[in-house]
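Q: Everything below, folded, please.
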Amino acid sequence: MSIHLTYTQARANLTKLLDKVSINKEVVVINRKNAILLNCHDL
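A: Below you'll find the predicted structure:
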């Protein structure tokens with residue numbers, strides 16, 4: 001399951017989002033030109 005946020009929401013919660021990506025292997029989709037945050041180990 002992925003988390004979908006606006007760019008503004010992502011900026012306001014960046015630390016928590018990075019933790020979710022790195023610890024919980026969450027995928028975060030930031031709705032600003034379709035950017036996606038992935039854990040580097042998933043590449």
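Q: show me what contacts the closest residue to Thr6 other than its chain neighbours?
A: Ranked by CB to CB, 6 or more residues apart in numbering and with sequence neighbours excluded, the top spatial neighbour of Thr6 is Asn31, at 5.3 Å. C-beta here means a position set from N, CA and C on the backbone, and glycine is covered the same way. By CB atoms under 8 Å, 6 or more residues apart in numbering, Asn31 lies in contact with 4-7.
Q: Among the residues you listed, which one sits closest to Thr15?
A: Closest to Thr15 out of the contacts of Asn31 is Leu5 (13.6 Å), distances taken as CB to CB.
Q: Tell me if the closest one really is in a strand.
A: Yes: with DSSP: H, G, I helix; E, B strand; the rest coil as the criterion, Leu5 is located in a strand.
Q: From Asp19, how far off is the residue lying closest to it once chain neighbours are set aside?
A: Using CB to CB, 6+ apart and skipping the chain neighbours, the partner closest in space to Leu5 is Ile30 (5.8 Å). Distance, Ile30 to Asp19, using CB to CB, to the nearest Å: 16 Å.
Q: and the two? which has more neighbours close in?
A: Per other CB atoms under 10 Å, whichever of Ile30 and Asp19 has more neighbours is Ile30, with 19 against 12.
Q: and the more buried one, what does it touch?
A: Per CB under 8 Å, 6+ apart, neighbours of Ile30: 5-7, 10, 36-37.
Q: could you redo the last one with a cut-off of 6 Å?
A: Residues near Ile30 by CB atoms under 6 Å, 6 or more residues apart in numbering: 5, 7, 10.
Q: quick one: which of the residues you listed is most hemmed in?
A: Ala10 (20 neighbours).
Q: List the beta-bridge partners for the spatially closest residue to that one that is not a sequence neighbour.
A: Of all residues not flanking Ala10 in the chain, Ile30 sits nearest, at 4.7 Å (CB to CB, 6+ apart). Per DSSP bridges, the residues bridged to Ile30 are Leu5, Ala35.
Q: Right, I'll leave it there.
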